[in-house]
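In: sharing a model that was predicted from the sequence below.
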Amino acid sequence: MITIGNKQYDETKLSDKGKVAFSQLQQITQKQTSLTLEFQNTQILQNHYGEILKEELPKDEKLKEEKKIKWHEQEI
């Protein structure tokens with residue numbers, strides 16, 4: 001049974017074209033879910049490696065950046 005618009009239908013009674021459309025919609029939904037999870041995982045990894053990179057920057061570059069931020073804060 002499939003539900004469309006709060007009404008249930010027996011998918012075995014669909015025409016061949018309807019069965020193909022139903023199958024395609026199932027595959028699309030699965031792909032969207034997979035892509036969403038993959039995107040979320042890449043965001044997590046991007047944040048993780050960004051933090052590692054920040055920690056690995058040369059110390060004098062960090063100090064320059066901190067001074068630059070403080071300088072900008074005073075100007076505002």
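Out: Ah, there it is. Numbers count the residues shown, from 1 in each chain.
In: helices and strands around the helix or strand that contains N41, which ones?
Out: Secondary-structure assignment from DSSP states H and E places N41 in helix 16-56. Using 3 or more CB pairs under 8 Å, 6 or more residues apart in numbering; DSSP states H and E as the contact test, no helix or strand touches helix 16-56. (C-beta placed from N, C-alpha, C; glycine too.)
In: burial measure for F22, as a count.
Out: 15 (other CB atoms under 10 Å).
In: how far off centre is the helix holding N41?
Out: Its chain's average C-alpha position is 6 Å from that of helix 16-56, according to CA atoms, centre = their mean, to the nearest Å.
In: before we move on, what about stretch 47-59?
Out: Stretch 47-59 sits 22 Å away from the centroid of its parent chain (CA atoms, centre = their mean).
In: got a list of contacts for that stretch?
Out: Applying CB atoms under 8 Å, 6 or more residues apart in numbering, stretch 47-59 has no contact partners.
In: okay, the most centrally placed residue in the chain and Q27: tell me how far apart.
Out: Nearest to the geometric centre of the chain sits F39, at 3.1 Å (CA atoms, centre = their mean). Going from F39 to Q27 by CB to CB, to the nearest Å gives 18 Å.
In: so where's the protein uncertain?
Out: 61-76 (pLDDT under 70).
In: tell me who's in contact with M1.
Out: Q8, Y9, D10, E11.
In: among those, name the ones in helices.
Out: Of the contacts of M1, none are assigned to helices by DSSP state H.
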